[in-house]
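Visitor: Structure for this input, please:
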Amino acid sequence: MSVADDALREIDSLDAAPLDDVAAFICQFVTLTAFQADAIALWVAMTYISDRFSFAAYLLITSAEKRCGKSRLLEVLKLLVPRPLFTARISVAALVRSLDAEKRVLLLDEFDAAVRGDREIAEALRGALDAGFHCDGTHTITVGKDFKVKQFRVYGPKAIATIRDLPDTVADRGIPIVMERKATGERVRRLRERYVKEPAAALRQRLEAWTNGVADEAAVAEPDLPDELDDRAQDIVEPLVAIADCAGGDWPQQARTALRTLFQAKADTSRTTILLRDIRGVFVEMDAQRIPSAYLVGRLTSIESSPWGNPQNPLNVHQLAKMLAPFSIAPHVKRDGKKTFRGYERAQFERVWERYLSGPQADRNNVTKPTTTDFVTVNEPLQDDAPLQAVKRNKLGPDDVCNAVTVSHGLDDDEEINLLSYAVRWLSLPAPKSPE
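Guide: You can find the predicted model right below:
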């Protein structure tokens, strides 16, 4: 039996909705989790009727390294979506014309390489992708010898593959699909298009007929969306959930579970969000209401999983204040005898944490504690059964506190720092015993 006959047999043997067939077809050639396969199948169906929705979700296909199947997934999607535009590099002018006139479904490979060159071109490409998420999205360029300004409609579903992270604004417009290399023992079929074009064409016909039949229902649906998702994520998933509800069977529950799982695994990697999350972790860990600026910087730079301790550009108190300024958070001046110190109060962050950080207010799995009395040594996750004040504050000595803050953190050169007495007052840390 030929590969084409085998593929057709597998599709025809499935008596469920076309969505099951799409997921089964894709998984013949790419290693995916069940959640990823479900989400991608829904996205493929959405590409046929995306003009009926206000938002067109992107597939954001990333991996930590090469050879994880990103390009292969795009090659499979090219066989399934209508009017595919599969490319690894495209000018902004060509992109906007293709999207405006031909309503192409963009399958953009190696996005990291496309934006690595000319910064102006990279920003223009990012702008076009940002605008294309909304049904009214347009991109403006000049055309002709007289440089006439013209707007092009760039709305439509897009799949973008890249190594590592996408720009924040693009990453905020799609479904995260994080791919990994096949493990030993995992097997997929080689994609030989000459054998699979026929079953793929048959599947496309079924998809087009089915989606056209449910388009009116899906377009006006107001499905229940996972409460765990923020507003933007709900905009992204709403068309997919509506399509899943139209499919019936297990798909309504499968879709919500898959999308919830994929988005909950997605970390917000913007530096400001990481900063807010890390500051919250320090306040929770220290069980403090107020923390001096230099002391807070010392704790932040000791977090190995965050970027603040980069030897080439370590965070300092001035950078910290600048990053927090857009949130209307500024250090307060406090006096300790003849010296004054700047610091932050927990109450300043409460509103910002609530608005910008998803998840529990005190996510203890994201809090770290020192494994010794030194503030800046090896850290380990705080266990669920450990108290929030697990940091051993009563075992800190004068050197331990000062070691965390006397390295260069942007303080004036002529300012002598001894935060121990101030930390005792402000953080309510127990004072160290005097030496015998």
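
Visitor: which stretches of the stretch 1-150 of the chain form strands?
Guide: Counting by DSSP state E, counting those that start in this stretch, the stretch 1-150 of the chain has strands at residues 58-63, 84-87, 105-108, 138-143, 148-153.

Visitor: I'd like these laid out as TSV, including distance to Leu129, mean neighbour count and mean pLDDT.
Guide: C-beta here means a position set from N, CA and C on the backbone, and glycine is covered the same way. TSV is the format used below for these (distance: least, Cβ to Cβ, whole Å; neighbours: other Cβ atoms under 10 Å; pLDDT from 0 to 100):
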stretch	distance to Leu129	mean neighbour count	mean pLDDT
strand 58-63	8	23	92
strand 84-87	13	18	92
strand 105-108	8	24	93
strand 138-143	9	15	89
strand 148-153	13	14	91
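
Visitor: so which of these comes closest to His332?
Guide: Among the strands of the stretch 1-150 of the chain, strand 58-63 comes nearest to His332, with 40.2 Å by Cβ to Cβ.

Visitor: Give me the distance from that closest one to the chain's centre.
Guide: A distance of 10 Å separates the C-alpha centroid of strand 58-63 from that of its chain, computed with Cα atoms, centre = their mean, to the nearest Å.

Visitor: Run me through the strand neighbours of it, direction for each.
Guide: The strands that strand 58-63 pairs with in its sheet are strand 158-163 (parallel), strand 174-179 (parallel) (by DSSP bridges).

Visitor: out of those strands, which comes closest to Gly248?
Guide: That would be strand 174-179 among the strands paired with strand 58-63, by Cβ to Cβ, at 21.7 Å.

Visitor: Following the chain onward from the closest one, which element is next?
Guide: Once strand 174-179 ends, the next helix or strand along the chain (criterion: DSSP states H and E) is helix 193-220.

Visitor: which residues are in contact with the helix or strand following that next one?
Guide: Tracing the chain past helix 193-220, the next element assigned as helix or strand by DSSP H and E is helix 231-247. Outside helix 231-247, the residues that touch it by Cβ atoms under 8 Å, 6 or more residues apart in numbering are 17, 19, 39, 42-43, 45-46, 49-50, 53-58, 172-175, 211, 214, 217-219, 221, 223-226, 229, 251-252, 254-256, 259, 263.

Visitor: which stretch among the strands of the stretch 1-150 of the chain comes nearest Arg119?
Guide: In terms of Cβ to Cβ, the element of these nearest to Arg119 is strand 138-143, at 17.0 Å.

Visitor: Parallel or antiparallel, which strands does that closest one pair with?
Guide: Applying DSSP bridges to the sheet, strand 138-143 is found paired with strand 148-153 (antiparallel).

Visitor: Run through who's touching the strand it pairs with.
Guide: Here strand 148-153 has contacts from Val96, Arg97, Leu99, Asp100, Gly137, Thr138, His139, Thr140, Ile141, Thr142, Val143, using Cβ under 8 Å, 6+ apart.

Visitor: which regions of the stretch 151-300 of the chain sit below the pLDDT cut-off?
Guide: 267-269 (pLDDT under 70).

Visitor: swap the cut-off to 80 and go again
Guide: 164-165, 265-270 (pLDDT under 80).

Visitor: What residues does the closest residue to Leu129 other than its chain neighbours make contact with?
Guide: Excluding its sequence neighbours, the residue lying closest to Leu129 (Cβ to Cβ, 6 or more residues apart in numbering) is Val170, at 5.2 Å. The contact partners of Val170, by Cβ under 8 Å, 6+ apart, come to Tyr58, Leu60, Arg126, Leu129, Asp130, Ile160.

Visitor: For the first one, name its beta-bridge partners.
Guide: According to DSSP bridges, Lys158, Gly174 are recorded as the beta-bridge partners of Tyr58.

Visitor: returning to what we had before: only the buried subset of the contacts of helix 231-247, as a ChimeraX command please.
Guide: Buried residues within the contacts of helix 231-247, as defined by 16 or more other Cβ atoms under 10 Å, are selected in ChimeraX through the command that follows:
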select :17,19,39,42,43,45,46,49,50,53,55,56,57,58,172,173,174,175,211,214,218,221,223,225,226,229,251,252,254,255,256,259,263
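
Visitor: count of residues packed around the closest residue to Leu95 other than its chain neighbours?
Guide: With Cβ to Cβ, 6+ apart as the measure, Ala128 is the residue that lies nearest to Leu95, at 5.9 Å, once sequence neighbours are left out. Ala128 is surrounded by 24 other residues when neighbours are defined as other Cβ atoms under 10 Å.

Visitor: Check Glu186 too.
Guide: Here the number of neighbours of Glu186 (other Cβ under 10 Å) works out to 9.

Visitor: Any figure for the gap between it and Leu32?
Guide: Distance from Glu186 to Leu32, counting by Cβ to Cβ, to the nearest Å: 11 Å.

Visitor: just Ala88 next, same as before
Guide: On the measure of Cβ to Cβ, Ala88 and Leu32 end up 22 Å apart.
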